[in-house]
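fold the following for me, if possible:
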Amino acid sequence: MMAPHVNPMAIEYGVVLKGTGRIQIVYPNGTLAVNARVRQGDVFWVPRYFPFCQIASTNGPFEFFGITTSARKNHPQFLVGRNSLMHSLRGPELEAAYGIGERRLKRIANAQHEQIILPSS
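Numbers count the residues shown, from 1 in each chain. Below you'll find the predicted structure:
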């Protein structure tokens with residue numbers, strides 16, 4: 001699975017080059033917008049600021065090519081993993097927002113060691 005992320009500067013278009021998988025997109029409020037099976041030749045798009053992830057099927061590889069609509073630098077903001085927003089925002093403000101202590105927030109933020117590609121469960 002490619003870690004859930006948000007494109008802050010652009011819409012993303014994707015073309016499935018090989019294999020099958022799922023595209024999951026959620027609204028900015030966290031509710032599910034799309035949970036679609038995709039296969040070779042399918043095209044998908046994800047609006048700016050909508051969190052999403054690409055998940056390979058269990059029976060083979062899932063390769064896709066992504067294109068964004070902005071000429072500006074669009075640095076995807078990952079929601080989990082070692083380079084996630086959780087690590088960037090970690091501090092008393094985030095602890096207060098979630099109503100949890102420093103130790104629990106640290107345990108949550110450090111639970112995912114991988115950066116971008118997450119292994120299957």
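
which residues in the chain form strands?
In the chain, the segments counted as strands under DSSP state E are 2-6, 12-26, 32-39, 43-46, 52-56, 62-68, 77-78.

nearest to residue 86, of those?
Closest of the strands of the chain to residue 86 is strand 77-78, at 9.0 Å (criterion: CB to CB). Where C-beta positions appear, they are placed from N, C-alpha and C, glycine not excepted.

could you chop this structure up by domain?
Split into domains by automatic domain parsing, the chain comes to 2-74, 80-121.

of these, flag the one that's most buried.
Across the domains of the chain, the average number of neighbours (mean count of other CB atoms under 10 Å) peaks for domain 2-74, which reaches a mean of 15.

give me the distance between the two termini of it.
17 Å (CA to CA, to the nearest Å).

what distance separates that domain from the centre of its chain?
Relative to the mean C-alpha coordinate of its chain, domain 2-74 is positioned 8 Å out (CA atoms, centre = their mean, to the nearest Å).

that one - what's its average pLDDT?
Domain 2-74 carries an average pLDDT of 93.

from the geometric centre of the chain, which residue sits farthest away?
residue 101 (25.5 Å; CA atoms, centre = their mean).

ok, that one - contacts?
Neighbouring residues of residue 101 by CB atoms under 8 Å, 6 or more residues apart in numbering: residue 95.

quick one, what contacts the residue lying closest to residue 21 once chain neighbours are set aside?
With sequence-adjacent residues excluded and distances taken as CB to CB, 6 or more residues apart in numbering, residue 21 is closest to residue 62, at 3.7 Å. Remark: with contacts taken as CB under 8 Å, 6+ apart, residue 62 is in contact with 16, 18, 19, 20, 21, 54, 55, 56.

Throw the residues you listed into TSV and include distance to residue 107, thanks.
Formatted as TSV, those follow (distance: CB to CB, whole Å):
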residue	distance to residue 107
16	36
18	37
19	34
20	35
21	30
54	27
55	25
56	28
